[in-house]
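In: Following is a predicted model, sequence given first.
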Amino acid sequence: MKNTEQQSASEIVLFGALGDLSRRKLLPALYQLDNVGLLNDESRILGVARQEQSLEEFTAFVVENLESFVKEGLNKETLDRFTARLVYQQLDFKETDSYSALADTLAGGHETRIYYFSTPPAIYGDITDGLKNAGLVTDADRVVMEKPIGHCLESSKVINDQVSRYFKENQIYRIDHYLGKETVLNLLVLRFANSLFTTNWDRNCIDHVQITVAESVGIEGRWGFYDEAGQMRDMVQNHLLQILSLLAMEPPADLSADSIRDEKLKVIKALVPINRHNIKDTTVRGQYTDGFLNGGPVPGYLNEEGANKASNTETFVAIKAEIDNWRWSGVPFYLRTGKRMPAKHSEIVVHFKPQPHNIFKESFAELPCNKLTIRLQPDEGVELQMMNKIPGIASQLNIHENKLDLSFSDIYQDQRVIDAYERLMLEVINGNQSLFVRRDEVEAAWTWADGIIEAWQSTNEAPKPYAAGSWGPVSSISLIARDDRQWVE
Ligand SMILES: NC(=O)C1=CN([C@@H]2O[C@H](COP(=O)(O)OP(=O)(O)OC[C@H]3O[C@@H](n4cnc5c(N)ncnc54)[C@H](OP(=O)(O)O)[C@@H]3O)[C@@H](O)[C@H]2O)C=CC1
Ligand SMILES: O=C1O[C@H](COP(=O)(O)O)[C@@H](O)[C@H](O)[C@H]1O
């Protein structure tokens, strides 16, 4: 299978190769690229982790996880090729003077090295120092950093400063995997390749927007990490703000990385600050309690595996966000995200304004407004809710609400849904930063998120309880009901 003409050979170095992200997402993504011929035959994959183990043991670990996480099943030929690329290096990342063993392992390899930091962000600086000390930093190298970068604006600056001592901005790929999702990427096409939406995409035509990112999973054994972060830092500061900025940005001049990132940045900077004065009217934070999901009982957050203390960490956030600019002034963007909600279900619903005058009062006292629903996952697609005449001679102008439904699984039946990490890994290999987050975006996002977190801290209020398997605390309904609107369920 040859598809690798443009992909130059690189050494892909996974720091934290034995961790959760690596085994569930990164290794399967690399396997999938290999399977479709998008990994150069010469590229090696070097797993680096703290644990002492042989190459055979690492290979067995990789195969076991590929078997679990590559849904389509493994291809023998690809698996043989993939496992032949593997190399393992034991290393304590904090021992910044002991990276010489890694340098020896990399010696004679390809000149482009991709260092993927799949570790807690607090040690990105140590890894960078270690690489520098061992002479493993050149202009050809790239660094991939996982989110959330830091815990707040200040800590993100420290981490970014540490990494950028030796790597330039054009070598740094800050991952937000939502930017690699087909449907998130499709926002660019939907908005800028369809004049219908381009011309109606502003405060004159749009009443409000809802963005829901609901997960049915809890915190999946990551209590230690999650309890420090909470849903605000884990999901809103990054994924939801990235979706919001793609949805609300001005048309970029072209598809280059900086054109897109410049426009996203302007949106994040234009978000109306939320602070202790407006926090109560604009946000709700919740924490799930014991409940039922998929027909069975599930534990509350404080009863999850690994929970070791009482905690006020939020597992649900709803926010009424506003963008203070020419295009969006007065249009609320309601954001909502939580763990242990009834289903994994992420979508954007754009509510258009009502018609100025209703000539169909006999059918509808109030005409329902057009709604554009962008289903991010699962059941990816785009749906336009509109009014239509019910066919028939008897009813001259009997109308009802119906929809145009572009379901990706129906239309692109033979197309596998590509995992976000596959696309993003390929973009790193190809050296394209468009789908990665620039430092100033991260900092603007932290500035806004920190304001909310500090305001919550200042009120000292506990998160509102919601039963696992529900759509969040009752007060999240009031948040939007106060504006005479309701969440689309
Ligand atoms: N898991 C997920 O779904 C997601 C994760 N992320 C981000 O990805 C990154 C990795 O997360 P995740 O895989 O879940 O975390 P894990 O804790 O599962 O993995 C981290 C890995 O780093 C290793 N490590 C930590 N410190 C050292 C050290 N000093 N020396 C050597 N190895 C070390 C750990 O080894 P050991 O086990 O020996 O401690 C572990 O293998 C984080 O930044 C996280 O925020 C982002 C999105 C989703
Ligand atoms: O970054 C993260 O994302 C996942 C949700 O990702 P998805 O692709 O499954 O929607 C979330 O569960 C995790 O807590 C968070 O760190």
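Out: It's in. Ligands and ions are numbered 1, 2, ... in the order given.

In: Any regions of the stretch 351-489 of the chain where pLDDT drops low?
Out: 394-396 (pLDDT under 70).

In: which parts of this protein sit against ligand 2?
Out: By Cβ under 6 Å from any ligand atom, the residues of the chain that approach ligand 2 are 177, 215, 217, 234. (Glycine included, C-beta is placed from N, CA and C.)

In: hmm, try it at 8 Å
Out: Contact residues (Cβ under 8 Å from any ligand atom) of the chain with ligand 2: 147-148, 177-178, 181, 213, 215, 217, 219-220, 222, 226, 229, 234-235, 238-239, 339, 344, 346, 377, 420.

In: Near ligand 1, list only the ones from those residues.
Out: 147-148, 177, 220, 222, 229, 234.

In: Buried only: go through the residues of the chain next to ligand 2 for me.
Out: Buried members of those, scored by 16 or more other Cβ atoms under 10 Å, are 147-148, 177-178, 181, 213, 215, 219, 226, 229, 234-235, 238-239, 339, 346, 377, 420.

In: Now, those that are in helices?
Out: Those of those mapping onto helices are 226, 229, 420, per DSSP state H.

In: can you pull the contacts of the first one?
Out: If you count contacts by Cβ atoms under 8 Å, 6 or more residues apart in numbering, Y226 has them with 219, 234, 313.

In: now do 6 Å
Out: By Cβ atoms under 6 Å, 6 or more residues apart in numbering, the contact set of Y226 is I219.

In: per-residue pLDDT, it?
Out: pLDDT recorded at Y226 is 93.

In: what do you get for G306?
Out: 89.

In: what sits against it?
Out: W223.

In: which stretches of the stretch 101-250 of the chain form helices?
Out: Taking DSSP state H, counting those that start in this stretch, the helices of the stretch 101-250 of the chain run over residues 124-133, 153-164, 182-192, 195-198, 223-231, 241-248.

In: Redo those helices as a markdown table? Include distance to S476.
Out: Formatted as a markdown table, those follow (distance: least, Cβ to Cβ, whole Å):
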| stretch | distance to S476 |
| --- | --- |
| helix 124-133 | 34 |
| helix 153-164 | 26 |
| helix 182-192 | 23 |
| helix 195-198 | 28 |
| helix 223-231 | 12 |
| helix 241-248 | 17 |
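
In: Pick the most deeply packed of those.
Out: Mean neighbours per residue, mean count of other Cβ atoms under 10 Å, is largest over the helices of the stretch 101-250 of the chain for helix 241-248, with a mean of 24.

In: Run through who's touching the very next helix or strand once past that one.
Out: Per DSSP states H and E, the first helix or strand lying C-terminal to helix 241-248 is helix 257-269. Applying Cβ under 6 Å, 6+ apart, the contact partners of helix 257-269 are 241, 245, 248-250, 252-253, 433-434, 438, 440-441, 444-445.

In: Highest neighbour count among those residues?
Out: A445 (30 neighbours; other Cβ atoms under 10 Å).

In: how about the residues of the stretch 1-150 of the chain near ligand 1?
Out: 15-25, 48-51, 91-95, 117-121, 123, 126, 146-148.

In: I misspoke; the intended subject was the stretch 151-300 of the chain.
Out: So the stretch 151-300 of the chain meets ligand 1 at 175, 177, 220, 222, 225, 229, 234 (Cβ under 8 Å from any ligand atom).

In: doesn't I418 make contact with the second one?
Out: No: distance between H177 and I418: 12.0 Å, which falls outside the contact criterion (Cβ atoms under 6 Å).

In: and which of the ones next to ligand 1 among the residues of the chain next to ligand 2 is nearest ligand 2?
Out: Among these, D234 lies closest to ligand 2 (Cβ to the nearest ligand atom), at 4.7 Å.

In: Report pLDDT for the closest one.
Out: 95.

In: Please apply the same query to S98.
Out: Residue-level pLDDT assigned to S98 equals 89.

In: for this structure, which helix is longest?
Out: Assigned via DSSP H, the chain shows its longest helix as helix 439-459.

In: after that one comes which helix or strand?
Out: Next in line after helix 439-459, if elements are assigned by DSSP H and E, sits strand 464-467.

In: which residues in the stretch 201-350 of the chain form strands?
Out: 206-214, 283-289, 291-293, 296-298, 316-322, 332-338, 345-352 (DSSP state E, counting those that start in this stretch).

In: Make CSV out of those and add distance to G306.
Out: Compiled in CSV, these are given as follows (distance: least, Cβ to Cβ, whole Å):
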stretch, distance to G306
strand 206-214, 23
strand 283-289, 15
strand 291-293, 19
strand 296-298, 15
strand 316-322, 19
strand 332-338, 19
strand 345-352, 26
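
In: so which of those gets nearest F192?
Out: The closest of the strands of the stretch 201-350 of the chain to F192 is strand 345-352. By Cβ to Cβ, the value is 15.0 Å.

In: what does the closest one rub up against?
Out: The contact list for strand 345-352, computed with Cβ under 6 Å, 6+ apart, reads 205-214, 369-377, 488.
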